[in-house]
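[1] model this:
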Amino acid sequence: MSYFCCITSEDMKKVICFALLLCGLASCRMFEVASIDYLEPAGITFPSEVRRVGVVNNVVSDSLLEKGGEPVFHEGVATLCGDGRVLAEELAASIASANYFDLVVICDSALRQGDRLPRESRLGGSEVRQLADGLGVDLVLSVDRVDLSIERGLAYYPDYPSPEPTLDAKVHTLLRLYLPGRESPMATLADTDSLYWAGSWTVDTTMVRDASAYVSQAAVRHLLPVWKKANRYFYAGGCVEMRDAAVCVKEDEWEDACRLWQAVYGGKNERFRIYAAYNIALFHEVADDLEQAKAWLEKALEMAGKEVERDERGEPVALTADYRLMTSYYAHLSDRLSERYKLDLQMERFGK
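    Residues are numbered from 1 along each chain as shown. As a prediction, the model looks like this:
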């Protein structure tokens, strides 16, 4: 049996045009992605005189697992105390590796080790002064609580004949920061993080230690400025200069890329001028000149805004893809600028 298909000359024209369009889209990549790194301010800004930090363990660990016991699950959930010593050690190591303070000292022996029952207790003014004098520090960071809430569950995988047992944990931590001479804490930090294990329903001491170490990173983000990685889109096609600039960006030659974008911005093609202005804004963000980045992005937005359909009141009713991209980037830049003063205060200890 044979099948025949008749294609008219008009249909053939449509097929050819569609094929050419696909080839054009495939050969012209309008966007590329650049990965940038920048400092994000910490949640807490310390006084400039705080140069030496002491990390102390104020948690009484649950001895149930250490004695070979098993946690009691009630309706599939068990609660137990984490390892304050491990959390204190991980915190001290992370803070010391950042080189933000001149000295980091750890006292990982439980201050409440004489207690018969685990309890949460903040440090008094005399205890803080005694610890600060004994450790030779300006600030005391007290690990007051690390609790685990563990739930038994099942994970289903397509290639497995039966479900796999899992343990899902929520780890709750409570830290307090003390300055000698103050009766109340400078700050109180409470965090909750999650992690899970697969393959067993048995809880052991290794899991408790791993969970206690894992949650230290959430606390570090409160205490220290941290490097953050972000992806930024930029225009990379349409003309030779834009494509060459994209190659420069891939080779981390941002100055050369900016010179090419400046040349495009000085040209007559309005569409390419918009793209170039946006890309130049990205160059200035990479150079950490956020004011210039915002100024160039505003130029791009002003030009792109002329193409936006507006109602009689001047409000946009249909945004173009370019305008959406630029307004999203503008929000990111505005957030960074709003945090710049805070970051500058936190980095003053290193000079300009």
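[2] contacts, neighbours, all on C-alpha from now
    OK.
[3] wait, what's in contact with Met30?
    Tyr235, Ala236, Gly237, Gly238 (C-alpha atoms under 8 Å, 6 or more residues apart in numbering).
[4] where does the nearest residue to it once chain neighbours are set aside land in three-state SS?
    Leaving aside its sequence neighbours, Met30 sits nearest to Gly237 (C-alpha to C-alpha, 6 or more residues apart in numbering; 4.6 Å). Secondary structure for Gly237, judged by DSSP: H, G, I helix; E, B strand; the rest coil, is coil.
[5] Gly237 and Trp261 touch, don't they?
    No: the pair Gly237 / Trp261 is not scored as a contact, 11.6 Å apart, by C-alpha atoms under 8 Å.
[6] Who has more neighbours out of the two?
    Set side by side, Gly237 and Trp261 show more neighbours around Trp261, with 26 against 20, by other C-alpha atoms under 10 Å.
[7] Show me what the helix or strand harbouring the more buried one is packed up against.
    Following DSSP states H and E, one finds Trp261 within helix 254-265. Contacts defined by 3 or more C-alpha pairs under 8 Å, 6 or more residues apart in numbering; DSSP states H and E place helix 254-265 against helix 240-250, helix 270-286.
[8] which of the residues in stretch 289-297 are buried?
    Neighbour counts using 16 or more other C-alpha atoms under 10 Å place Leu290, Gln292, Ala293, Lys294, Ala295, Trp296, Leu297 of stretch 289-297 among the buried residues.
[9] Take the residues you listed and keep only those in helices.
    Mapping those onto helices (DSSP state H) picks out Leu290, Gln292, Ala293, Lys294, Ala295, Trp296, Leu297.
[10] Mind putting these into a markdown table with distance to Asp252?
    Shown next, in a markdown table, are these (distance: C-alpha to C-alpha, whole Å):
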| residue | distance to Asp252 |
| --- | --- |
| Leu290 | 19 |
| Gln292 | 20 |
| Ala293 | 18 |
| Lys294 | 22 |
| Ala295 | 23 |
| Trp296 | 21 |
| Leu297 | 21 |
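[11] Dump those to JSON lines, plus pLDDT and distance to Ala92.
    Output for those, formatted as JSON lines (pLDDT from 0 to 100; distance: C-alpha to C-alpha, whole Å):
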{"residue": "Leu290", "pLDDT": "95", "distance to Ala92": "33"}
{"residue": "Gln292", "pLDDT": "97", "distance to Ala92": "38"}
{"residue": "Ala293", "pLDDT": "97", "distance to Ala92": "37"}
{"residue": "Lys294", "pLDDT": "97", "distance to Ala92": "38"}
{"residue": "Ala295", "pLDDT": "97", "distance to Ala92": "41"}
{"residue": "Trp296", "pLDDT": "97", "distance to Ala92": "42"}
{"residue": "Leu297", "pLDDT": "97", "distance to Ala92": "41"}
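[12] From Glu339, how far off is Phe101?
    With distances taken as C-alpha to C-alpha, to the nearest Å, Phe101 is found 21 Å from Glu339.
[13] my bad, should have said Glu75
    Using C-alpha to C-alpha, we find Glu75 at a distance of 45 Å from Glu339.
[14] try Gly124
    34 Å.
[15] returning to what we had before: quick one, which of the helices and strands packed on helix 254-265 gets closest to Thr192.
    Across those, Thr192 has its closest neighbour in helix 270-286 (32.9 Å, C-alpha to C-alpha).
[16] which parts of that closest one are buried?
    272-286.
[17] I'd like to know which elements the strand or helix carrying Tyr196 is packed against.
    Here Tyr196 sits within strand 187-198, counting by DSSP H and E. When contacts are defined as 3+ C-alpha pairs under 8 Å, 6+ apart, strand 187-198 packs onto strand 164-178, helix 216-223.
[18] change it to 10 Å
    If contacts are counted by 3 or more C-alpha pairs under 10 Å, 6 or more residues apart in numbering; DSSP states H and E, strand 187-198 sits against strand 139-155, strand 164-178, helix 205-214, helix 216-223.
[19] on that earlier part again, name only those of the contacts of Met30 that count as buried.
    Among the contacts of Met30, those classed as buried by 16+ other C-alpha under 10 Å are Tyr235, Ala236, Gly237.
[20] Same list, the residues you listed, but as CSV with pLDDT and distance to Arg182 please.
    CSV is the format used below for the buried ones among the contacts of Met30 (pLDDT from 0 to 100; distance: C-alpha to C-alpha, whole Å):
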residue, pLDDT, distance to Arg182
Tyr235, 95, 54
Ala236, 93, 56
Gly237, 87, 60
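[21] Name the nearest of these relative to Glu302.
    Tyr235 (17.2 Å).
[22] Grab the nearest non-local neighbour of that closest one.
    Distances taken as C-alpha to C-alpha, 6+ apart place Phe31 nearest to Tyr235, at 4.7 Å, with adjacent residues excluded.
[23] quick one: contacts for the one you found?
    Phe31 makes contact with Arg232, Tyr233, Phe234, Tyr235, Ala236, Gly237, Ala246 under the criterion C-alpha atoms under 10 Å, 6 or more residues apart in numbering.
[24] Ok, Ala281 next?
    234, 258, 287, 289-300, 329-330, 333.
[25] So for it, what's the nearest residue that isn't a sequence neighbour?
    Excluding the flanking residues, the one nearest Ala281 by C-alpha to C-alpha, 6+ apart is Ala293, at 4.0 Å.
[26] Relative to Pro185, which of the contacts of Phe31 is nearest.
    Nearest member of those to Pro185, counting by C-alpha to C-alpha, is Arg232, at 39.9 Å.
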